[in-house]
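In: Quick one, fold the following:
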Amino acid sequence: METDIQARFATRNVTVSDGRIINQCAVLSNKFGLSAESFVDKWLAYAYNAAKGSDTPTKSALSAFAKELARQETPSKSPIQPPNAMTSASAPMLSRELLAAFQVGGSTAAQILEAAPQVTPRATQRRSIISPSAIKRKVGGFSAEGPPPQKSELAALPESPESKTYGTRDQAGFVMQTFNPQQRPLKPMASRERQELVIKPLANCLHDQYSFMFEKLNDKAAVLDEQLDDMGRKIVKRHKIKDEESGEPVQFAHVAMAAQDPTYICGRIDVDALSGKINSSSILLEGSSTTSSGRRIPLTFAPATGYSIFPGQMIGVRGVNPTGHGFVADTIYQGAPAPLRKIAPKELIDTYYSRTSSESQALDIFVAAGPFTPTSNLDYEPLRDLLQQVSEEKPDVLILLGPFASTEHPLADTMERTFEEQYKGFVDEIAQVVLADEDLKHTHVVIIPSMQDGSHDFIFPQAPIQVMEHERIHYYPNPAMFMVQELLFGVTSTDVLFHLSKQEFSRGADKDRMVRLVNHLFEQQSFYPMFPPDKSTPVDYTRSEAFHMQKKPDVLLTPSNLRQFVKDVNGTLVVNPGSLTKHSLGGSYARLVVHAPRRIDIPDVSAARLIAVNFHTLLYTTQRRIHSSHWSLAMRSPLSLHHASLYWIPELYI
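Out: Model (predicted):
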């Protein structure tokens, strides 16, 4: 063991020459049941966070480290009753059972029952005053803290999933929803001309795995401060907030500075620790170190002010702070959405009309999110059914989001293969269909992992793992932003909408809750704007650039446990395709058909005219099918244009 520990230290560029120190390390490793690799990694993480200035272990440092290991190993204790103790509620029932078992009756039984402990009103009262918000609830098959989302927002689940299997499901292919206002064709023409696809990620996407669990508190605080200061500047610019006297862009004041006249402050929403759950009386606003030395102050809103907030949200507010101990806001600026990507007319002409004049071109995209096998087995039959649809419909792009080899599958412990082998087998099965079929020679596959994948690192942002190199198979991180032709896609497999739904608090805001939740992502320019994050999602904030939404996407894909939907949210098509399976039954997948812009809608470079670019989308499911609708916007632009109008036909199949 000593040799292994010393060798492990050497691989991490730490030199330990003192044999007594190595011996002490070996003793601790044996005591806590750690391998040499685990012991050294835990020591380095401890030394890094303790900020001792050196990774080399010493006798005193190892003693402190041993206490930390013991603390981590000690389970939380709760009062334990003696083995022979009965609760007051169970004692009478237990007495009756015992009497019946021993055939005791008559006056003897009456005396025993009378002597048994009874439930007192005082005990009942103690139980009744426990706050409901402190109880863990079971929501849609998973545990969640705090009040659950509204029932209508949760994904529809079968009443008794154990009574059916994927093979016996009914209504396969049934259309669930339609989103197609402009009534464009539901499917692309079979004889359409196909363009050579260009798929590429944006520069901030992760490409390689990285070391995590080495995040210092000071580094995290610096990142959060920098984000807040940057968002403050964007809020001023986006909302054109100017000083009423000088006309210059406003400078945010200290959050705790007393102000009788209206003033502007900027900060991050926090929650009073005593309250636990955000509400109108527990809102705190924490300023940055730059403007407010990290001070926090209670924040209330004027009665007529509409707002939607959550912990970690960066906002600007206008109001007064009469005493310096509480800010009353009459106006709120909920972040600053990034602009849509602009496209030069020449780029559209080169993409669609450089080699043809046909306007029948369309981009056909399938989107499916895991799990890809039901809870009853590991046969991946739904995946094969999806690939059968791919073979028949021949889409241009197949976007697959994890989990592919889920750690939460009920049969995960019985797998004969490792998670890595399971993931490789998943990719191999896709390749056997997409790469081997000559009719699918134009189809590209995009693979994005999930936090539930045992084959990938359990950290957000999550790097991709490439198991087969091919020009038509693209491995992207979670989250990812990438281009498909001129379309910008934003994708995350982390259920950020559900996490936000548990923490959001609103008054007088948009009535469509899904629109509000999605808007938070845009306004905060982040794929995960919550702080602190949900307990199920460890976030490395030193990699925050990888989940920064630097441009507003044309299409946002957010699989969620909430009900499937497709919506136009301020110019972006937002799709929750659901998951390919629901327990032991089938689920849903999405199909998006993007039609080429008409040549007449693309302006000359020198022209200033109304633009209307036409796109079109479809959304499918293995259980239900959604027809999507069609929407359009018009924007004026002399030299470049936004994606001003998208024509969607999403369909969901059962």
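In: Okay, strands next: where are they in the stretch 201-350 of the chain?
Out: 259-271, 283-286, 296-301, 307-309, 314-321, 327-333 (DSSP state E, counting those that start in this stretch).
In: nearest to residue 242, of the ones you listed?
Out: Closest of those to residue 242 is strand 259-271, at 10.2 Å (criterion: CB to CB). Just so you know, the C-beta spots here come from the backbone N, C-alpha and C atoms, and that holds for glycine as well.
In: Pull the contacting residues for residue 166.
Out: 374, 376, 381-382, 581, 584-586 (CB atoms under 8 Å, 6 or more residues apart in numbering).
In: Now neighbour count too, for those, in TSV please.
Out: What follows is those, written out as TSV (neighbours: other CB atoms under 10 Å):
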residue	neighbour count
374	27
376	18
381	17
382	25
581	25
584	21
585	23
586	28
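In: any idea which of those is closest to residue 440?
Out: Once CB to CB is applied, the member of those that ends up nearest residue 440 is residue 382, at 19.2 Å.
In: Now for residue 24, which secondary structure element holds it?
Out: helix 19-31 (DSSP states H and E).
In: buried residues in the helix or strand that comes right after that helix?
Out: Moving toward the C-terminus from helix 19-31, the next helix or strand (DSSP H and E) is helix 36-50. Neighbour counts using 16 or more other CB atoms under 10 Å place 36, 39-44, 46-47 of helix 36-50 among the buried residues.
In: just the CA coordinates of helix 36-50, formatted as CSV?
Out: This file holds the C-alpha atoms of helix 36-50, laid out as CSV (Å, rounded to 0.1, in the frame of the first residue of the first chain):
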residue,chain,number,x,y,z
ALA,A,36,-4.2,4.4,-2.9
GLU,A,37,-5.8,6.3,-5.8
SER,A,38,-8.8,7.4,-3.9
PHE,A,39,-6.8,8.4,-0.8
VAL,A,40,-4.4,10.6,-2.8
ASP,A,41,-7.3,12.2,-4.8
LYS,A,42,-9.2,12.9,-1.6
TRP,A,43,-6.1,14.4,0.1
LEU,A,44,-5.4,16.7,-2.9
ALA,A,45,-9.0,17.9,-2.9
TYR,A,46,-8.8,18.5,0.8
ALA,A,47,-5.5,20.3,0.6
TYR,A,48,-6.7,22.4,-2.4
ASN,A,49,-9.9,23.6,-0.6
ALA,A,50,-8.1,24.1,2.7
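In: Which elements pack onto that helix?
Out: helix 2-11, helix 19-31, helix 59-73 (3 or more CB pairs under 8 Å, 6 or more residues apart in numbering; DSSP states H and E).
In: chain center to that helix: distance?
Out: 29 Å (CA atoms, centre = their mean, to the nearest Å).
In: Return the distance of residue 485 relative to residue 338.
Out: 20 Å (CB to CB, to the nearest Å).
In: need the helices and strands packed on helix 36-50 in a markdown table with mean pLDDT and mean neighbour count, can you?
Out: A markdown table is the format used below for these (pLDDT from 0 to 100; neighbours: other CB atoms under 10 Å):
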| stretch | mean pLDDT | mean neighbour count |
| --- | --- | --- |
| helix 2-11 | 83 | 16 |
| helix 19-31 | 86 | 16 |
| helix 59-73 | 84 | 13 |
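In: Rebuild those as a markdown table, extending it with distance to residue 496.
Out: Output for the helices and strands packed on helix 36-50, formatted as a markdown table (distance: least, CB to CB, whole Å):
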| stretch | distance to residue 496 |
| --- | --- |
| helix 2-11 | 36 |
| helix 19-31 | 39 |
| helix 59-73 | 29 |
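In: Would you mind telling me which of those helices is nearest residue 177?
Out: helix 59-73 (47.7 Å).
In: any idea how far the closest one is from the chain center?
Out: The answer for helix 59-73 is 35 Å, by CA atoms, centre = their mean.
In: got the CA positions of that helix in PDB?
Out: Provided in PDB are the C-alpha atoms of helix 59-73 (Å, rounded to 0.1, in the frame of the first residue of the first chain):
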ATOM      1  CA  LYS A  59       1.900  15.000  10.100                       C
ATOM      2  CA  SER A  60      -0.400  17.800  11.400                       C
ATOM      3  CA  ALA A  61      -2.200  18.200   8.100                       C
ATOM      4  CA  LEU A  62      -2.800  14.500   7.900                       C
ATOM      5  CA  SER A  63      -4.300  14.500  11.500                       C
ATOM      6  CA  ALA A  64      -6.700  17.200  10.400                       C
ATOM      7  CA  PHE A  65      -7.400  15.300   7.200                       C
ATOM      8  CA  ALA A  66      -8.300  12.200   9.300                       C
ATOM      9  CA  LYS A  67     -10.800  14.200  11.200                       C
ATOM     10  CA  GLU A  68     -12.400  15.300   8.000                       C
ATOM     11  CA  LEU A  69     -12.600  11.800   6.700                       C
ATOM     12  CA  ALA A  70     -14.200  10.700   9.900                       C
ATOM     13  CA  ARG A  71     -16.700  13.500   9.700                       C
ATOM     14  CA  GLN A  72     -17.700  12.500   6.100                       C
ATOM     15  CA  GLU A  73     -18.000   8.900   7.100                       C
END
